[in-house]
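J.: sequence plus predicted model, see below.
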Amino acid sequence: MTDQHSFTIVLGPEQQQTLSGLLRTGNYRPLTIPHALVAAEGPDCRISLYKSGKCLVQGKGARDWVEFVLEPQVLGEARLGYEEVRQPEVFQPHIGVDESGKGDFFGPLVISAVYVDERLVRLFRDMNVRDSKTITSERKALDLDEAIRRAVGGRFALVAIGPRAYNRLYASMGNVNRILAWGHARAIENVLERVPDCPRAVADQFGPKRQIEQALMKKGRKIKLEQRPRAESDPAVAAASIVARAGFVRALQQLGQQLNVTIPKGASDAVRAVAVQLVKSKGAPLLLDIAKCHFRTADQVLAEAGSSRAALGPDGQAVSKPRREEPS
């Protein structure tokens with residue numbers, strides 16, 4: 001029996017209505033959680049239902065609540081303990097791939113691939129390896145990353161595309177999804193160096209599957225590639241999301257040490273303020289080495305610092321402004 005204390009279950013519209021009614025009328029204490037449609041505290045657990053349809057259950061009593069409340073009253077079926085019957089492919093050898101830093105102005109784009117087999121899947125579930133976006137503590141993410149690396153030995157890969165290389169790739173490819181496909185393919189190929197017979201790789205859906213397939217080289221041409229929404233529910237992808245996030249966090253920390261400033265994540269006003277300060281003190285060309293310059297944030301920073309994209313030189317001008325698929 002696993003001691004897992006966190007579960008993420010995707011609910012349909014009717015199931016969301018049923019859960020909302022249950023949490024509002026049952027013996028639960030209402031909670032306010034950012035971006036949650038409804039949230040409440042139950043017996044030794046916290047339940048949050050998000051706009052995406054994801055229901056997140058966390059706490060010491062999470063498993064009991066899922067088994068004895070959510071499954072019979074909302075899902076109408078038993079799932080926990082029947083994973084091997086319902087999803088046998090999850091326990092079969094495969095590679096999971098995920099990335100971190102795509103929506104962050106500062107720092108690299110980090111892509112990780114992690115191999116799992118039946119033993120590792122069971123171990124990861126006991127370790128509570130899950131989608132890194134549900135882990136609120138950076139320290140916890142870093143600790144899990146170290147545990148995952150120890151568990152898989154060398155059967156993982158980390159591809160970090162630093163800002164200078166990222167900006168150069170964007171200037172030539174003109175599309176974030178193409179960069180992601182290239183990075184995913186490299187990570188898969190690197191794991192296949194250690195596990196050449198692995199039959200399958202799983203990744204989140206971010207663009208046409210052929211983009212990754214076309215970027216795969218000789219070793220990866222025979223692997224079956226699966227892309228699907230919310231792929232982080234797969235234990236290999238969840239592990240890759242943690243390894244990628246830890247790699248990104250460490251890269252931001254190192255960048256902050258080099259510049260003697262705290263580097264924030266995301267693309268918020270706080271991010272822009274730090275970037276303006278750095279441009280004013282060290283010059284506009286620095287942006288090419290520390291930030292993803294196709295973000296609209298780059299133009300805002302340059303304007304606030306009394307500069308322009310021309311100050312970045314030819315390389316900076318070649319990095320076009322954001323298109324619809326990129327964060328702003």
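T.: Nice, I can see it.
J.: in the stretch 1-150 of the chain, what spans have low per-residue confidence?
T.: For the stretch 1-150 of the chain, applying pLDDT under 70 flags the ranges 1-4, 78-87.
J.: now the helices: where do they sit in it?
T.: 13-25, 62-65, 83-86, 118-126, 138-152 (DSSP state H, counting those that start in this stretch).
J.: need the next SSE after the longest one, C-terminal direction.
T.: Pointing back at helix 138-152 there. Per DSSP states H and E, the first helix or strand lying C-terminal to helix 138-152 is strand 156-161.
J.: all strands of this structure, in order?
T.: For the chain, the strands defined by DSSP state E cover 6-10, 29-30, 36-42, 45-50, 54-58, 94-100, 109-116, 156-161, 200-204, 224-228.
J.: which elements pack onto the third one?
T.: Judged by 3 or more Cβ pairs under 8 Å, 6 or more residues apart in numbering; DSSP states H and E, strand 36-42 is in contact with helix 13-25, strand 29-30, strand 45-50. (Each C-beta comes from the backbone N, C-alpha and C, glycine too.)
J.: 10 Å instead, please
T.: With contacts taken as 3 or more Cβ pairs under 10 Å, 6 or more residues apart in numbering; DSSP states H and E, strand 36-42 sits against helix 13-25, strand 29-30, strand 45-50, strand 54-58, helix 62-65.
J.: same list, those, but as JSON lines with distance to Leu192 and mean neighbour count please.
T.: Below are these laid out as JSON lines (distance: least, Cβ to Cβ, whole Å; neighbours: other Cβ atoms under 10 Å):
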{"stretch": "helix 13-25", "distance to Leu192": "39", "mean neighbour count": "15"}
{"stretch": "strand 29-30", "distance to Leu192": "49", "mean neighbour count": "10"}
{"stretch": "strand 45-50", "distance to Leu192": "35", "mean neighbour count": "22"}
{"stretch": "strand 54-58", "distance to Leu192": "32", "mean neighbour count": "21"}
{"stretch": "helix 62-65", "distance to Leu192": "35", "mean neighbour count": "20"}
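J.: could those be laid out in a markdown table, adding distance to Pro93?
T.: Formatted as a markdown table, the helices and strands packed on strand 36-42 follow (distance: least, Cβ to Cβ, whole Å):
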| stretch | distance to Pro93 |
| --- | --- |
| helix 13-25 | 32 |
| strand 29-30 | 44 |
| strand 45-50 | 32 |
| strand 54-58 | 27 |
| helix 62-65 | 27 |
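J.: out of the ones you listed, flag the one nearest Ala157.
T.: strand 54-58 (27.7 Å; Cβ to Cβ).
J.: quick one: stretch 253-272 to chain centroid distance?
T.: Its chain's C-alpha centre and that of stretch 253-272 lie 19 Å apart, by Cα atoms, centre = their mean, to the nearest Å.
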